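**Q** Quick check, what structure comes out for this input:
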Amino acid sequence: PAWGYVDHLGIRGSSFAALADQRRSITVTPAMVDAVAAATTGIQNLGFAEGGTNDNLRFLHHHLLWVTKLLRQGRFTSSAVADRLLTEFAQLAQVGAFMAHDAGQHGLSQRYITSGLHAAHTAGDRTVGTYLLAFASGRRVIQGRLEDGVDLGRAARDAVELANAAYEVAKSTP
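**A** Numbers count the residues shown, from 1 in each chain. Coordinates of the predicted model:
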């Protein structure tokens with residue numbers, strides 16, 4: 001998933017909003033995504049303060065399930081709202097990866113990293129994707145898999161270079 005993320009940075013994933021239709025039961029508004037973002041920040045602060053305890057992981061998981069429900073059942077007021085919600089999912093997955101790693105649940109941490117990479121790609125969020133790649137690299141080194149860690153580190157570096165190049169092009173474009 002890491003190299004797939006980097007290889008497809010120039011190609012945006014399918015818009016999540018395009019999948020929404022009138023049969024979906026929840027209308028997701030910008031204010032709802034703002035509330036999700038505030039909760040994400042609160043969960044991140046919880047992780048910083050208390051680390052990855054099992055209770056904190058369960059709390060995060062329940063919040064992630066709610067965001068997943070919104071993504072699956074939501075009608076979005078715009079594609080930007082859908083992308084923002086998907087980015088929040090990726091950020092929650094990133095926090096979950098950190099917390100699961102702290103709790104010694106390395107398999108769960110890996111699943112959060114993979115889910116976060118997919119969400120970051122679909123939302124077009126290079127920042128979260130790059131953080132996830134860098135964290136995955138560090139995890140592999142800690143686990144004694146130096147070659148894998150170096151490969152993931154290269155993927156993170158490539159992602160940063162591509163993001164910087166895109167930023168430079170965007171600055172010069174009217």
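
**Q** mind listing the helices for this protein?
**A** Ranges of helices in the chain, per DSSP state H, are 2-7, 30-50, 54-73, 79-102, 106-123, 126-142, 146-172.

**Q** TSV for those helices, including mean neighbour count?
**A** (Each C-beta comes from the backbone N, C-alpha and C, glycine too.) Below are those laid out as TSV (neighbours: other CB atoms under 10 Å):
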stretch	mean neighbour count
helix 2-7	18
helix 30-50	15
helix 54-73	16
helix 79-102	23
helix 106-123	21
helix 126-142	21
helix 146-172	14
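
**Q** looking at these, which one has the lowest mean pLDDT?
**A** Out of the helices of the chain, helix 2-7 stands lowest, with a mean of 50 (criterion: mean pLDDT).

**Q** Contacts for stretch 42-58, please.
**A** With CB atoms under 8 Å, 6 or more residues apart in numbering as the contact definition, stretch 42-58 has outside contacts at 59-60, 63, 91-92, 95-96, 98-103, 105, 108.

**Q** so which of those residues would you say is closest to Ala123?
**A** Looking at the contacts of stretch 42-58 and their distance to Ala123, the nearest is Gln91, at 9.9 Å (CB to CB).

**Q** ok, the closest one touching Val36?
**A** No. The criterion here is CB atoms under 8 Å, and Gln91 misses it with Val36 at 9.6 Å.

**Q** Give me the common contacts of those two.
**A** Counting by CB under 8 Å, 6+ apart, no residue touches both Gln91 and Val36.

**Q** If you tally nearby residues, what's the number for Ser25?
**A** Residues lying near Ser25 (other CB atoms under 10 Å) number 9.
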